[in-house]
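Enquirer: Provide a 3D model corresponding to the input given below.
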Amino acid sequence: MKNLLYIGNKLSNKGRTVTSIETLGKLLVDEGFTVNTASSKTNKILRLLDMFFSVLKHRKQTDYVLIDTYSTSNFYYAFFISQLCRFLKIKYIPILRGGNLPNRLKTHPKLSKAVFNHAYKNVAPSKYTQSNFEALGFSNLVCIPNSIEIKNYSFKARYFDKVKLLWVRSFSKIYNPLLAIKVLKALKDDQIDAELCMVGPENDGSLEEAKKYAETLNVKVTFTGKLEKEAWINLSKSFNIFINTTDLDNMPVSVIEAMALGLPVVSTNVGGMPYLITNNKYGILVKPNNVEAFIEAIKKIKNQPEQTELMAVSAKSKAEELDWNTVKNLWIKLLK
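Expert: Numbering: from 1, shown residues only. Next up, the predicted model:
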């Protein structure tokens, strides 16, 4: 079996969200691959240096370097590590995580070509990313969707005597957490009995901003901070609608998890979301940053329980297609 070095942000032990370097990395180990990882350093400069050191340390026994590739400032990790791999003649595989990567291709064409044109293969977690890369002339792509272990998610039918909203994400501006609070305020102003729970760690100051904003609007929001997966899945049993308020997205695992749990999903129609959710079949897609659109969708879910149940069952079936036992075959084919 092959030896892998996985480069990404392994920061869950520092209070951040668990990312693919930990979930996918562990699953690949379970399939017999040897997987070394970097990095868990909090400081960005030290993290980059640790990534460099790891490539140098493992260069002789590494068959492939997997690189989680984002569209924000973390893009530069992928750039520098990929160029080191080119210099050392190690095959590297960027995993195209960032929802705004298609825009990165346009704004930084030279850097992007240096990373993606020389990759052994670029892994797109969604058809959205794949199609955008191909439209700009990149051809060495394979689509391997984000996955979950479906056995860990018990489907539960939901009832809607009260609107109970669940939001799960790290608190970052690009995920627009304030929109969730605006939606709660609008529901209450419309005399709809509603509550909101927001699960996730602080990332860029947005959690503190959200708490202050809720106080300003005089609405009660439950902020749990970071929860382990088992804890938030257990918490989800008490809620009946999952909202995804992001301004940018690719193929978020939290939404796939909600679909597997039977939570009807209302999400902004951005990035890779329409490739995951067929509108009114697996969930409801709405305009980004639009309170009224969210309210209309939530009312539709609440007032049409039979159609909502059909949608939830269909969404569960869609999530089952993304079970690791299916998706792993794509990874094994690529890495062997």
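Enquirer: ok, Gln304 - how many residues close by?
Expert: For Gln304, the tally of surrounding residues (other Cβ atoms under 10 Å) stands at 13. Heads up, the C-betas are built off the backbone N, CA and C, glycines and all.
Enquirer: check the one 5 residues further on too.
Expert: Neighbourhood size, Glu309 [other Cβ under 10 Å]: 15.
Enquirer: same question, Glu209
Expert: One way to gauge burial is a neighbour count; for Glu209, by other Cβ under 10 Å, it gives 16.
Enquirer: pLDDT at the nearest residue to it once chain neighbours are set aside, what is it?
Expert: Closest residue in space to Glu209, ignoring its immediate chain neighbours: Leu178 at 7.1 Å, by Cβ to Cβ, 6 or more residues apart in numbering. The predicted local confidence for Leu178 comes out at a pLDDT of 98.
Enquirer: please report how far Leu178 lies from Gly205.
Expert: Here Leu178 is placed at a distance of 12 Å from Gly205 (Cβ to Cβ, to the nearest Å).
Enquirer: for Lys106, same thing?
Expert: Lys106 sits at a distance of 28 Å from Gly205 (criterion: Cβ to Cβ).
Enquirer: what sits against Tyr77?
Expert: With contact set as Cβ atoms under 8 Å, 6 or more residues apart in numbering, Tyr77 has these partners: Ile7, Arg47, Leu48, Met51, Ile67.
Enquirer: and the helices in this protein, which stretches?
Expert: All helices of the chain, identified by DSSP state H, fall at 20-30, 44-58, 75-88, 101-107, 109-116, 127-135, 177-189, 206-217, 229-235, 253-261, 273-276, 291-303, 305-320, 324-335.
Enquirer: and the chain, what are its domains?
Expert: When the chain is parsed into structural domains using automatic domain parsing, the resulting residue ranges are 3-144, 150-320.
Enquirer: could I get the ones you listed as CSV with distance to Leu330?
Expert: Rendered in CSV, the data for those read as follows (distance: least, Cβ to Cβ, whole Å):
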stretch, distance to Leu330
domain 3-144, 4
domain 150-320, 14
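Enquirer: hey, least reliable of those by pLDDT?
Expert: Here the lowest mean pLDDT among the domains of the chain goes to domain 3-144, at a mean of 93.
Enquirer: check the separation of the first and last residues in that one.
Expert: The first and last residues of domain 3-144 sit 20 Å apart, counting by Cα to Cα, to the nearest Å.
Enquirer: one more: stretch 9-23?
Expert: The first-to-last residue distance of stretch 9-23 comes to 12 Å (Cα to Cα).
Enquirer: and the gap between the residue in the chain sticking out farthest from the centre and Lys299?
Expert: For the chain, the C-alpha farthest from the mean C-alpha position belongs to Gln191; by Cα atoms, centre = their mean, that distance is 33.1 Å. When distance is defined by Cβ to Cβ, Gln191 is 12 Å away from Lys299.
Enquirer: ok, Ser82 next?
Expert: When distances are taken as Cβ to Cβ, Ser82 and Lys299 turn out to be 47 Å apart.
Enquirer: who's more crowded, those two?
Expert: It is Ser82, of Ser82 and Lys299, that has more neighbours when counted by other Cβ under 10 Å, with 24 against 14.
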